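Asker: got a predicted structure here, sequence first:
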Amino acid sequence: LLFRRHFVMKRAKRTPDKRTIAHSEKSVTPLGASATDDDEMYQEPFRLIKIPNSQLTLTETELKEEFTRVLTANDPNVPNNITKYNYHSRCYKVDPPGAQDHLAIHLLLEGGLTHKDGNEAREQASYHQKYKDDLIEARKTATDECSKDDDDDDVFENRKNQFNYSERAAQTFNNPLRDRLISTKPPAVANFSGTVSQWEIYDHYMNDYAIQAAEEELFKHHEQRRLGGATPQCQVCQGEDDMVHSQRMGNALKILERIVNQNADDEVFQDFKYWEDASDMFRDGEGSLLPLWRFHSDRSKRKQVTALAWNPRYSDLFAVGYGSYDFMRQGTGMICCFSLKNTSHPEYTFTSESGVMCLSFHPDHCSLLAVGCYDGAVMVFDIRHKGNRPLYASSIKTGKHTDPVWQVQWQFEDLAKELNFYSISSDGLVANWTMSKNELKMEPVMQLKLVSTVRDEPEETLLSGLASGCCFDFNTVSEHLFIVGTEEGKIHKCSKAYSGQYLETYIGHHIAVYAVRWNPFHARVFISCSADWTVKLWDHNLPSAFMSFDLGNAVGDVAWSTYSSTVFSAVSSDGKVHVFDLAINKHEPLCEQKIVKRSRNTHVMFNQHDPLIIVGDDRGGVNSLKLSPNLRLASNPVRQDNQIQTTSVPSPCLRHIQMENMERLLASVDSK
């Protein structure tokens, strides 16, 4: 036992130092020791932690103190102080930081590996196999042609590459290099400097204009000499016709103004042309309206929008009539023609002594604008003329209404090929106005008799007085047929051939009817709106309305869409716009959106070509709104690849489809 302990002690002396063990973190076993001795000699190593000389000496309190470090996902390389000039606000604004990309790619290497079971790998294998087969076939063909023995060396075995390379000694003659130099004289350079003022520019323009006028006079002189006529004296106009105030300069300035306006409102123009509400793909039976521009002028702030009319030829041009519906606050009237190409200022402006109540563009002669006024007069303007005077104006001598004219509408020319239009007034008279050579000729078409029903005897009616007409509309198929809305809430179906009586009287509204509109696709259906908060749909063969909608406020105007027989829009006095599509929802509107505050809407109209509606209010402003895709479907929506598509079909086919849609709607109502 003593010997064994002594041996262990000696062995322990030979073991490395503890610091060495801590440094190497291994235990050293002497060579030549047996397995039993190794078990007894083993000493468990321990780790020695050495403190660096530069380490701070901290107390227990300082060691226990916790420091919180927050890690964020913000990329320090993304700039956050980019400043750009905002043309709309006319000042510099700081752009918000863009979307941060947390992925940093240090190495991107595209490989050319393909899966052996894939189609591309099979095609490569078949291509190589075909190449080998073609090579073997070529060898056999060459061998047969040369009639070579099997022992001879094959031509293809000695080739150096796969392109049929053959060794052939040749000595090529290298042409010597030749330099060719060309020297040219530089063009003459002259320095020119000068100052240009506004008067010098004006003088140069005037001189150029005088030269052009002299050339024209000289050309006329030669022409008259050639034809044998008299020779007029050449006179150059230098006083009245100047270049600055010419028509060409005005057209150039108009184009320049449109360019500047479109650059200033580039975002709005981009939305009008390309923006679509993507949320319509995920909501059926709902839509939205995107506000674009608000058209107004300084002279229309204290006036109300009383009429709207789109130009039938130019889809970007519309006319706005300004007046007042308050008979205690009547003043002068105004007509402004706005264009979508220049939203900052009206293109044409006309004024009248009395407030403007209604407007209508001629369907063929698009420059003629019929106007009805509050004092009962009607006028016809030609918007191409710069003057403020109308072409035609009614007077007491030629005939006029005694009450405000609420609506005018052009009709097709009669047998005498004279232009004519109809008007309706509160004096109970529907009149036809014919444009003769010098004056407007008034011809009364119908007097609106007041119809009052006796409750005790429903079958007996009493005729007394004249009804106040508010609106009317002619049928698109039967030109002699028209409907009239009155202040008493009744709607009368009339005919040009029967001026003494009504064809039918529809009782559904309780107070004034503000608008009646025939459906542009179906000849039997018309719509009406009233101050009794309701919008009603009628079949002129039925005595009562087949559909009615309560909007909760007085309805100022209603309009059918130009692309669908089941879509219409109405505006109410609470500043809301309601858009219905009866093919999708027969009970509620697809869109109900408030567009103005502290004012009421007065009129609404659809654009003929673009998905756009304009809405006028009682503060002299006209708001333009873009329809979302769900609100302008020509028929049932077609969904492909999660996209809503609107069917585009020719006009005759579209009319037939829309008639069928309305027929289905009428059939469903009749079945109920």
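Answerer: That came in fine, so what should we check first?
Asker: when you work out contacts or count neighbours from here on, use the C-alpha atoms and nothing else.
Answerer: Will do.
Asker: what's near enough to touch residue 337?
Answerer: By Cα atoms under 8 Å, 6 or more residues apart in numbering, the contact list for residue 337 reads 317, 318, 319, 320, 346, 347, 348, 349.
Asker: how about the first one, nearest residue that isn't a chain neighbour?
Answerer: Just to be clear, that refers to residue 317. The spatially closest residue to residue 317, leaving aside those adjacent along the chain, is residue 339, at 4.5 Å (Cα to Cα, 6 or more residues apart in numbering).
Asker: closest to residue 536 among the contacts of residue 337?
Answerer: Closest to residue 536 out of the contacts of residue 337 is residue 320 (26.4 Å), distances taken as Cα to Cα.
Asker: picking up where we left off before, inside strands: which ones of the contacts of residue 337?
Answerer: Among these, the residues falling in strands (DSSP state E) are 317, 318, 319, 320, 348, 349.
Asker: number of residues surrounding the fifth one?
Answerer: A count of nearby residues for residue 348, using other Cα atoms under 10 Å, gives 16.
Asker: pLDDT below threshold where in the stretch 151-300 of the chain?
Answerer: Along the stretch 151-300 of the chain, segments meeting pLDDT under 70 span 151-172, 228-242.
Asker: need the helices for the stretch 1-150 of the chain, in chain order.
Answerer: 2-14, 18-24, 35-41, 60-64, 119-146 (DSSP state H, counting those that start in this stretch).
Asker: quick check: residue 209 touching residue 216?
Answerer: No: taking Cα atoms under 8 Å as the definition, residue 209 is not a contact partner of residue 216, at 10.6 Å.
Asker: neighbour count: those two, which is higher?
Answerer: The residue with more neighbours, out of residue 209 and residue 216, is residue 209; 18 against 14, by other Cα under 10 Å.
Asker: okay, the ones in strands among the contacts of residue 337 in JSON lines with distance to residue 382 and pLDDT next?
Answerer: As requested, these are arranged in JSON lines below (distance: Cα to Cα, whole Å; pLDDT from 0 to 100):
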{"residue": "317", "distance to residue 382": "14", "pLDDT": "93"}
{"residue": "318", "distance to residue 382": "14", "pLDDT": "94"}
{"residue": "319", "distance to residue 382": "12", "pLDDT": "94"}
{"residue": "320", "distance to residue 382": "15", "pLDDT": "94"}
{"residue": "348", "distance to residue 382": "10", "pLDDT": "89"}
{"residue": "349", "distance to residue 382": "11", "pLDDT": "91"}
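Asker: now for those, which pair is the farthest apart?
Answerer: 317 and 349 (13.0 Å).
Asker: who wins for most neighbours among the ones in strands among the contacts of residue 337?
Answerer: residue 320 (26 neighbours).
Asker: host element of residue 431?
Answerer: Per DSSP states H and E: residue 431 is located in strand 429-435.
Asker: give me the buried positions along the helix or strand that comes right after that strand.
Answerer: Next in sequence after strand 429-435, counting helices and strands by DSSP H and E, comes strand 440-447. For strand 440-447, the neighbour count (16 or more other Cα atoms under 10 Å) marks 440, 441, 442, 445, 446, 447 as buried.
Asker: the last one touches residue 428, doesn't it?
Answerer: Yes: with contacts defined as Cα under 8 Å, residue 447 counts as touching residue 428 at a distance of 5.7 Å.
Asker: overlap in contacts, the two.
Answerer: Going by Cα under 8 Å, 6+ apart, residues that sit against residue 447 and also against residue 428 are residue 466.
Asker: ok, now which ones touch the spatially most central residue of the chain?
Answerer: With distances taken as Cα atoms, centre = their mean, residue 272 lies nearest the centre of the chain, 2.2 Å away. Applying Cα under 8 Å, 6+ apart to residue 272 gives the contacts 292, 626.
Asker: with residue 594 instead?
Answerer: 574, 575, 576, 577 are the contacts of residue 594 under Cα under 8 Å, 6+ apart.
Asker: please redo it, this time with the cut-off set to 6 Å
Answerer: Residues near residue 594 by Cα atoms under 6 Å, 6 or more residues apart in numbering: 575, 576.
Asker: who's it bridged to?
Answerer: Beta-bridge partners recorded for residue 594 (DSSP bridges): residue 576.
Asker: turn the buried residues of strand 440-447 into TSV, including distance to residue 79 and pLDDT.
Answerer: Compiled in TSV, the buried residues of strand 440-447 are given as follows (distance: Cα to Cα, whole Å; pLDDT from 0 to 100):
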residue	distance to residue 79	pLDDT
440	71	86
441	74	87
442	73	88
445	74	88
446	75	87
447	76	86
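Asker: one step back: show me what the strand holding residue 431 is packed against.
Answerer: strand 420-425, strand 440-447 (3 or more Cα pairs under 6 Å, 6 or more residues apart in numbering; DSSP states H and E).
Asker: what is the end-to-end distance of stretch 509-529?
Answerer: 8 Å (Cα to Cα, to the nearest Å).
Asker: contact partners of that stretch?
Answerer: Against stretch 509-529 from outside (Cα under 6 Å, 6+ apart): 471, 485-489, 530-531, 535-540, 557, 565, 655, 659.
Asker: run through the stretch 501-650 of the chain and note the low-pLDDT ranges.
Answerer: In the stretch 501-650 of the chain (pLDDT under 70), the answer is 634-650.
Asker: let's see it at 50
Answerer: Applying pLDDT under 50 to the stretch 501-650 of the chain flags residues 635-650.
Asker: surely residue 299 forms part of a strand?
Answerer: No: Residue 299 is assigned helix when assessed by DSSP: H, G, I helix; E, B strand; the rest coil, not a strand.
Asker: residues contacting residue 621?
Answerer: 295, 296.
Asker: for it, give its distance to residue 332.
Answerer: Counting by Cα to Cα - residue 621 and residue 332 are separated by 17 Å.
Asker: and for residue 221?
Answerer: Per Cα to Cα, residue 221 is found 51 Å from residue 332.
Asker: how about residue 521?
Answerer: Per Cα to Cα, residue 521 is found 38 Å from residue 332.
Asker: dump the residue contacts of residue 90.
Answerer: Per Cα under 6 Å, 6+ apart, neighbours of residue 90: none.
Asker: buried residues, the longest helix seen in the chain. List them.
Answerer: The longest helix of the chain (DSSP state H) is helix 198-227. Using 16+ other Cα under 10 Å as the test for burial, helix 198-227 gives 206, 209, 210, 213, 214, 217, 218, 221.
Asker: surely residue 248 is in a helix?
Answerer: Yes: the assignment for residue 248 is a helix, going by three-state DSSP.
Asker: which strand residues bridge the residue nearest to residue 607 when sequence neighbours are not counted?
Answerer: Setting aside the residues directly before and after it, residue 607 is nearest to residue 613 in space (Cα to Cα, 6+ apart), at 5.9 Å. Under DSSP bridges, the beta-bridge partners of residue 613 are residue 606, residue 625.
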